[in-house]
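**Student:** Please find the sequence and the predicted model below.
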Amino acid sequence: MQISLLLFFGGLSFCKAFQGGILVDNERKPVDDKQRQQIQDYLQAVLQTNNDINLTTIHDFNDGLVLHIEDSLAGLEEVNSAPDGQLVDLGTGGGFPGAPLALASSRDVLLVDSTKKKIDAIMGIVNELQIPRVKAYAGRIEELAQEQPGAFAVATARALSSLPSLLELAAPLLIQGGHLVAYKSDKADEEIERAILLEQKLGMKFLSCRDLVLSDGITPRSIIVFEKVAPPTVKLPRRPGMAQKRPYA
């Protein structure tokens, strides 16, 4: 079944998700006209900049509306449910989901990527469009955790690494009670099971998993949330790259 594209651009709250064969409206805070225009302008600027530096494999604006904007905002419900405070977007790439979430959630957002050219390009767009509350960090996630431990209320990650690795990377960055919001493709059950095995070690607890299909009708997404409930029982962060090369599970 084909679902109408990004209803929030047509004036409704947000897109409809096709879940379990039934159309359901996601109850989320609506964006105003200014936010809606800023989100569209941001996507257009990323696609233009992509001609000079590789920020995304997507080149068509309409594809970007679904696979970047709609996808980024799919986790807004979970982001809004996290404690008040700053959001850190891990492995932000072209600024997704961090930049759209900054506009839609009114949180301060730190975009993190190890490729300085990407960060410079994204911040050029952010500054040109005068997008508020967005800053950036060019470096490894583990380095940020050493510099700003326990500084963030919510961490997001989309198409970055396995869930056990994401828990390890996020844990030292989060405040007590902070949330990791991970965007995964469907069939995430095995990753969730592996991540749950690490709950005590990493001080993280599984909260929820919400499945949906984007409005193209073919792109599944799972929005998975873990909460930091205790200090890790191991020293974190480990050396850069170890969470991916030698995950604990």
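**Tutor:** Structure's in. What do you need? Numbers count the residues shown, from 1 in each chain.

**Student:** quick one, longest helix in the chain?
**Tutor:** helix 33-49 (DSSP state H).

**Student:** buried set for that one?
**Tutor:** Buried positions in helix 33-49, judged by neighbour count with 16 or more other C-beta atoms under 10 Å: 35, 36, 38, 39, 40, 42, 43, 45, 46, 47, 49. C-beta coordinates here come from the backbone N, C-alpha and C atoms, glycine included.

**Student:** Nearest to residue 210 among these?
**Tutor:** Using C-beta to C-beta, the shortest approach to residue 210 within the buried residues of helix 33-49 belongs to residue 39, at 21.6 Å.

**Student:** ok, that closest one - contacts?
**Tutor:** When contacts are counted by C-beta atoms under 8 Å, 6 or more residues apart in numbering, residue 39 touches 31, 69, 100, 103, 104.

**Student:** which one among the residues you listed gets closest to residue 211?
**Tutor:** Closest to residue 211, out of all of these and judged by C-beta to C-beta, is residue 69, at 19.6 Å.

**Student:** OK, contacts around that closest one?
**Tutor:** 6, 39, 40, 43, 96, 100.

**Student:** By pLDDT, give me the weakest of those residues.
**Tutor:** Among those, residue 6 has the lowest pLDDT, at 43.

**Student:** Which residues outside the one helix or strand residue 157 maps to are in contact with it?
**Tutor:** Under the criterion of DSSP states H and E, residue 157 resides in strand 152-158. Identification of contacts with strand 152-158 by C-beta under 8 Å, 6+ apart yields 71-72, 75, 79, 82-91, 96-98, 101, 107, 110, 166, 169-170, 173-175, 177-183.

**Student:** picking up where we left off before, could I get the buried residues of helix 33-49 in TSV, plus columns for distance to residue 61?
**Tutor:** Output for these, formatted as TSV (distance: C-beta to C-beta, whole Å):
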residue	distance to residue 61
35	18
36	15
38	15
39	12
40	9
42	12
43	7
45	11
46	10
47	6
49	13
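
**Student:** any idea how far residue 31 is from the spatially most central residue of the chain?
**Tutor:** Centroid-nearest residue in the chain: residue 156, 3.6 Å away (criterion: C-alpha atoms, centre = their mean). Separation of residue 156 from residue 31 (C-beta to C-beta, to the nearest Å): 18 Å.

**Student:** now do residue 205
**Tutor:** 31 Å.

**Student:** Name the residue in those two with the higher neighbour count.
**Tutor:** residue 31 (21 against 14; other C-beta atoms under 10 Å).
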